[in-house]
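>>> here is my input, please return the structure:
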Amino acid sequence: MNYISELRKLIGNHPIISVGATVLVVNEKKEVLFQLRSDTYDWGLPGGSMELRETLEETASRELKEETGLEAKTFELINVFSGPQYYFRYPNGDETYSVINLYRALDVSGKIEMNDGESISLEYFSRDNLPKNLEKRAKALIDTIGDYFWELDSSFSTSK
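Numbers count the residues shown, from 1 in each chain. Predicted coordinates for the structure are as follows:
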């Protein structure tokens, strides 16, 4: 069951508060993994909304696997973000105020692959080579945590 989809059947496009997990995956070159979203055609970070009976770490793990094919042994909570800059209106008219729990994936393994149709492309970007069309919540996260975003060590385990 998809909690948000079921909720939308009852309330339509009206604004909701959506709690979720967003995941930073950092490669050996200190580049961050972004996804070109199939719904908005802009670049965002892997993540999504929490389902009923799920912990935030389980949300992070599920979304990472669904959207990128990667798995992480653990997740480090960086911070929680909310407020008007995390408001989002989807192309179908659904409105949400996101409460984003930003995690860094640790001991990442696996092969990058798009499994759920939510991505057109998955690519790593450096600080000096970010895509022009960043999704507004991803841009707000980058702007808010600034240099810290780019000073993270690689997420990947040495035993791939």
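>>> mind listing what the host helix or strand of residue 23 pairs with, with the direction of each?
Here residue 23 sits within strand 16-24, counting by DSSP states H and E. Sheet pairing of strand 16-24 (DSSP bridges) gives strand 47-49 (antiparallel), strand 95-109 (parallel).
>>> which parts of that strand are buried?
18, 20, 21, 22, 23, 24 (16 or more other C-beta atoms under 10 Å). For glycine as for every other residue, the C-beta is placed from the backbone atoms N, C-alpha and C.
>>> the residue nearest to residue 22 when sequence neighbours are not counted: how many residues sit nearby?
Excluding the flanking residues, the one nearest residue 22 by C-beta to C-beta, 6 or more residues apart in numbering is residue 47, at 3.4 Å. Residue 47 has 23 neighbouring residues, counting by other C-beta atoms under 10 Å.
>>> residue contacts, residue 47?
Neighbouring residues of residue 47 by C-beta atoms under 8 Å, 6 or more residues apart in numbering: 20, 21, 22, 23, 60, 63, 67, 100.
>>> just send those residues back as TSV, with pLDDT too.
Formatted as TSV, these follow (pLDDT from 0 to 100):
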residue	pLDDT
20	97
21	98
22	98
23	97
60	98
63	96
67	94
100	98
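>>> those: which two are farthest apart?
Comparing all pairs in the contacts of residue 47 by C-beta to C-beta, the longest separation belongs to 67 and 100, at 15.0 Å.
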